[in-house]
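J.: Curious how this folds, go ahead:
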Amino acid sequence: MTTTAHVDPTESFHAMGCASQITVVSHDSAAATDLISVARRRIEHLERRWSRFQPTSDICRLNAASALPVPVDPATVRLVTAMIESWWATDGAFDPTLLGSLVGLGDATSWLDTTKVSTVPAGASLRGTPKTIGVDAEGHIVQLPAGTTLDAGGIGKGLAADLVVEELLAAGALGALVSIGGDVRVAGTAPQDGGWAIDVASPFEGGSVLATLRLHVGGVATSGTHFRRWTAADGTPAHHLLDPATGLPTRTPLIAATVIAGTTAWAEAWTKAVMVCGAEDALPYLDNLGLGALAVTLDGETVVNNAWRTFTTPTRLDS
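T.: Below is the predicted model of the structure:
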């Protein structure tokens, strides 16, 4: 007898300051529903550990520890390790230590709850030193160098999607998709033939679909300057994507970048490299790594590398 996989309707909710979704493919509808509930609780747990707006989070405790070692959640060890590895891989274009610069520019208050404010301890640097962060993976201890502060930011959302999909499959799901703020991880059996279908939306008003990706397993992440914009104290426009070399908002002619990689955390790190370095330099480099990349310029031009085309169905690459 043939058993047909059941696709539980995608559950949408809010987490990590973003619209989020979970889809589970299972032989059993009730099991799929239970797995989604467990996954939501896991994402909520990770948010409590990684938020820069919750003083008891691992990230806030690390930032306030004055270079002392701090016991943290095992998932936080994985997060910090991913941060360090991404910093090295991108030659510092991805930098998780810019919280001081971000807060200094005026991005201190939660965009969803103005009662939540992130603070930077006295003595914090505008830019820290990822290469000297200490990580004891077995003991679940992290030690930041003096003056270094961390912001989980996009890589936190990407890694959360990675972890939850891994855990859903380990718990018996046939396939799973987790999307947090548009950062998507997929693995296992897809709801339709040809793999998981992931739409990449235009960053411009209206959000038309720029491309539809087809993935059997992997991660997709998007970073852009169209979201989280404000006016700095000196009257200049600001956004949350900073150039590590200056501590100021990026000034490349890009409004958004999307990267396809083996994991969503890895894709997130490389979107930052594209936004910092620009499409002309970054997209050919990502071809060498086998990572698909799409960049959208401020005037609406869409540019893709060769690897990107291997993941797309016929698309409308317009804005």
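
J.: Could you tell me the end-to-end distance of stretch 178-197?
T.: 13 Å (CA to CA, to the nearest Å).

J.: tell me the contacts of residue 265?
T.: Contacts for residue 265 were tallied using CB atoms under 8 Å, 6 or more residues apart in numbering; they are 82, 86, 155, 158-159, 162, 219. Just so you know, the C-beta spots here come from the backbone N, C-alpha and C atoms, and that holds for glycine as well.

J.: and which of these is nearest residue 102?
T.: Residue 102 lies nearest to residue 155 out of the contacts of residue 265, by CB to CB, at 14.2 Å.

J.: Now residue 110: closest residue in space that isn't a chain neighbour?
T.: residue 116 (3.9 Å; CB to CB, 6 or more residues apart in numbering).

J.: Looks like the one you found contacts residue 57 (just checking).
T.: No. Using CB atoms under 8 Å as the test, residue 116 is too far from residue 57 to be in contact (11.3 Å).

J.: Neighbour count: these two, which is higher?
T.: Remark: of residue 116 and residue 57, residue 57 carries more neighbours, 21 against 16, as counted by other CB atoms under 10 Å.

J.: any idea which helix or strand carries residue 198?
T.: Using DSSP states H and E, the element containing residue 198 is strand 196-201.

J.: what does residue 260 give?
T.: Judged by DSSP H and E, residue 260 forms part of strand 254-261.

J.: That strand: how far from the chain's middle?
T.: Mean-position distance between strand 254-261 and its chain equals 11 Å (CA atoms, centre = their mean, to the nearest Å).

J.: Quick check: mean pLDDT of it?
T.: The pLDDT scores in strand 254-261 average 97.

J.: Measure how the next helix or strand after it sits relative to strand 254-261, angle-wise.
T.: Note on strand 254-261: by DSSP H and E, the next helix or strand toward the C-terminus is helix 264-277. If you take axes from the mean of the first three to the mean of the last three CA atoms, to 10 degrees, helix 264-277 sits at 150 degrees to strand 254-261.

J.: Can you work out which other helices and strands pack against the helix or strand just after helix 264-277?
T.: The helix or strand immediately downstream of helix 264-277 is helix 279-289, counting by DSSP H and E. Packing contacts for helix 279-289, counted by 3 or more CB pairs under 8 Å, 6 or more residues apart in numbering; DSSP states H and E, involve strand 254-261, helix 264-277, strand 292-297, strand 302-304, helix 306-309.

J.: Please export the C-alpha coordinates of the longest one as CSV.
T.: The C-alpha trace of helix 264-277 is given here as CSV (Å, rounded to 0.1, in the frame of the first residue of the first chain):
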residue,chain,number,x,y,z
THR,A,264,21.0,30.0,5.8
ALA,A,265,23.6,31.3,8.2
TRP,A,266,26.3,31.0,5.5
ALA,A,267,24.0,32.7,3.0
GLU,A,268,23.4,35.5,5.4
ALA,A,269,27.1,36.2,5.9
TRP,A,270,27.6,36.4,2.2
THR,A,271,24.7,38.8,1.6
LYS,A,272,26.6,41.2,3.9
ALA,A,273,29.7,40.8,1.8
VAL,A,274,27.8,41.6,-1.4
MET,A,275,26.2,44.7,0.2
VAL,A,276,29.6,45.9,1.5
CYS,A,277,31.8,45.0,-1.5
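
J.: Fine by me, thanks again.
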